[in-house]
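> Could you work out the structure for the sequence below:
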Amino acid sequence: MITKDMTRELIGRQVVDNHGEKVGKIGQIYLDERSGDPTWATVNTGLFGTKESFVPLQNADVHDRDVALGVEKKAVKDCPHVGRSDERLTGSEEDELYRHYGIGHGNGNGRTDARHATGERTDRDRTDRTDRTARTGDDAMVRHEENLRVGTETEETGRVALRKYVVTEDQTVTVPVSHEEVRLEREPVDGTEAEARPGAMGEAEHEVTLHRERPVVDKTTEAVEKVRLGTRTVTEDEKVSDTVRKERVEVDDPQHALPRDERRS
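Below is the predicted model of the structure:
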């Protein structure tokens, strides 16, 4: 449970939602004007932490050093733009926040008057600033506008794996082979040679061994190429849009002292 004694210690702490997912860091704390209990906090969200969203401290607690909310991160992201970080929350603004988060009112009487309690400015600071303005005679009003600040962040979009596997295929290679064949050769006997001498008549047998070549298959494994995965960066234009707020100045001029086209800016 968040108590009033813990208020200033919460500034700058990390906020997580009810699932433990990081939301942002606390920028301001708002207290109930009647009880002094912390009721709302602003959390710096967005790409550069420039957006402030209101989160309820009802049902929130401190775990380790993180502030654990009782709502989801998506609800914080979709929080309506109400109030300013240096001003009070009006009753209608609080009602809008309660409806958005789907929680009951803190004090049970229909609204909680919250005020900025800690951070860079306080109600007394604003009062002193108003007094100084009156004394110096500076009655100028400063008008503010929100501007989009867009950057980029790197996120993982997918993974590509490189793997190899074995396939079989038929391969035919022509190999020249030779073999021996029997051929009958006849050659007349020269009378001067020893074979011409008289001999015995009879049967005889002579055996010739034939040879042939046959294909012999052997396989060897050889490296044929290297394959690797590489990445390249492709730049493309992507449009980003969001809603920004602008302050408008309207002159309450019942006597019509100013021209009509100068009463608003």
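> which residues in this protein form strands?
Listed in chain order, the strands found in the chain under DSSP state E are 14-16, 22-32, 38-45, 51-56, 61-63, 66-68, 114-118.
> Just the mean pLDDT for the fifth one, thanks.
Averaging the model's pLDDT scores along strand 61-63 yields 89.
> With the first one instead?
Taken as a whole, strand 14-16 has an average pLDDT of 91.
> Mind listing the strands it pairs with, and their directions?
In the sheet, strand 14-16 lines up against strand 22-32 (antiparallel), strand 66-68 (parallel) (DSSP bridges).
> wait, which of these is closest to residue 187?
strand 22-32 (106.0 Å; Cβ to Cβ). The way it works is simple: take the backbone N, C-alpha and C, and place the C-beta from them, glycine included.
> Okay, angle between that closest one and strand 51-56 too, please.
Comparing the axes of strand 22-32 and strand 51-56 via axes from the mean of the first three to the mean of the last three Cα atoms, to 10 degrees yields an angle of 60 degrees.
> Kindly provide the whole-number mean pLDDT of strand 22-32.
Per-region confidence: strand 22-32 scores 88 on mean pLDDT.
> before we move on, the earlier item: which of the strands paired with strand 14-16 sits closest to residue 96?
Ranking the strands paired with strand 14-16 by proximity to residue 96 (Cβ to Cβ) places strand 22-32 first, at 14.4 Å.
> Determine how far the closest one lies from the middle of the whole chain.
When C-alpha coordinates are averaged (Cα atoms, centre = their mean, to the nearest Å), strand 22-32 and its chain have centres 24 Å apart.
> and what of stretch 227-242?
Once both centres are worked out by Cα atoms, centre = their mean, stretch 227-242 turns out to sit 14 Å from its chain's centre.
> Endpoint to endpoint, it covers what distance?
Across its full length, stretch 227-242 reaches 45 Å between end residues, using Cα to Cα, to the nearest Å.
> which residues are contacting that stretch?
Contacts of stretch 227-242 from elsewhere in the structure, counted by Cβ atoms under 8 Å, 6 or more residues apart in numbering, are 148, 150, 160, 162, 164.
> State the pLDDT value of the closest residue to the fourth one other than its chain neighbours.
If I follow you right, that is residue 162. Across the structure, with Cβ to Cβ, 6 or more residues apart in numbering as the measure, the residue nearest residue 162 apart from its sequence neighbours is residue 229 (4.9 Å). In the prediction, the pLDDT value recorded for residue 229 is 91.
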